[in-house]
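Visitor: Build me a model from this:
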Amino acid sequence: MPAHLMFVMDRTKLFLEESALISLDVKQFTFFSFPPWSVPSINYIDPFSLFHKASTAPVVFYQVFNLHRSLYSQYVPVFTDGSKSTNYVGCSVAFPDSVSAYRLNAALSIYTAEATAISCTLQRISSENTRQFCIYTDSMSVLQSLQQTESSNNPVICDILLQMEDLRNKGFDILFCWVPSHTGIKGNELADSAAKSALVPLNSAVPLSDVGNNCGICKNKTNYTP
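Guide: Sure thing, here's the model as predicted:
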């Protein structure tokens, strides 16, 4: 047997150690219980669509955002963000009167962290007396998944859409809006800072896709091919 190959038992042990599958709570996918003509969706607006981030000065985004807020002043602004670094994953939610930040399972992807922040936001909104909110996120990939549900296999996205349907039935009017990161938009900067330093643990199950993405065996199949 070539020296670079590992025995099956050694590969299995390494897989369990690196992915922490022994103690990992894998999140199950909740299938939609809606007919095809009534699949939940989101109301999405993008005031920055005409501006390319790489070639636009931050002050322009800041001014566009202020104009946008003047047009949607009746909607309570809520900023969400996720952060991932070595052995750390966090997310945050910034309401006008408070900021909440949560430390998540380190196996989560940044995509799932961003989605989890939105899910936490909707949980908080459900207990509010105000009915109009605008959720701001700098994760375009999450927003695209929320608009193209048939292409998403992340269970947190499914949870968000189910939460949205429940909130609509209760009379809530919720908008989603993408915001460019690091352009001086105060709420986004606040959420970004909080997501990077969260201390409060949030017990969150890990989507199976994130387990695979964080497993060394899955990332480097060459070394472990039988």
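
Visitor: which element follows the longest strand anywhere in the chain toward the C-terminus?
Guide: Ranked by residue count under DSSP state E, the longest strand found in the chain is strand 76-85. With elements assigned by DSSP states H and E, the helix or strand that comes after strand 76-85 is strand 88-95.

Visitor: Please name every helix or strand in contact with that next one.
Guide: Applying 3 or more CB pairs under 8 Å, 6 or more residues apart in numbering; DSSP states H and E, we find strand 88-95 packed against strand 76-85, strand 98-104, helix 110-125, helix 186-195. C-beta: built from backbone N, CA, C; applies to glycine.

Visitor: can you redo the ones you listed as JSON lines with mean pLDDT, mean neighbour count and distance to residue 167?
Guide: Shown next, in JSON lines, are the helices and strands packed on strand 88-95 (pLDDT from 0 to 100; neighbours: other CB atoms under 10 Å; distance: least, CB to CB, whole Å):
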{"stretch": "strand 76-85", "mean pLDDT": "97", "mean neighbour count": "23", "distance to residue 167": "13"}
{"stretch": "strand 98-104", "mean pLDDT": "96", "mean neighbour count": "19", "distance to residue 167": "18"}
{"stretch": "helix 110-125", "mean pLDDT": "97", "mean neighbour count": "23", "distance to residue 167": "7"}
{"stretch": "helix 186-195", "mean pLDDT": "96", "mean neighbour count": "20", "distance to residue 167": "21"}
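
Visitor: Can you list the buried residues in stretch 161-175?
Guide: For stretch 161-175, the neighbour count (16 or more other CB atoms under 10 Å) marks 161-165, 167, 172, 174-175 as buried.

Visitor: isn't residue 118 right next to residue 80, touching?
Guide: Yes: counting by CB atoms under 8 Å, residue 80 is a contact partner of residue 118 at 5.3 Å.

Visitor: Identify the contacts common to those two.
Guide: 135, 137 (CB atoms under 8 Å, 6 or more residues apart in numbering).

Visitor: residue ranges with poor pLDDT in the chain?
Guide: Where the chain drops to pLDDT under 70, the residues are 1-39, 149-152, 212-226.

Visitor: Helices of that one, residue ranges please.
Guide: Shown for the chain, the helices assigned by DSSP state H span residues 8-19, 58-71, 110-125, 140-147, 155-169, 186-195, 208-213, 216-219.
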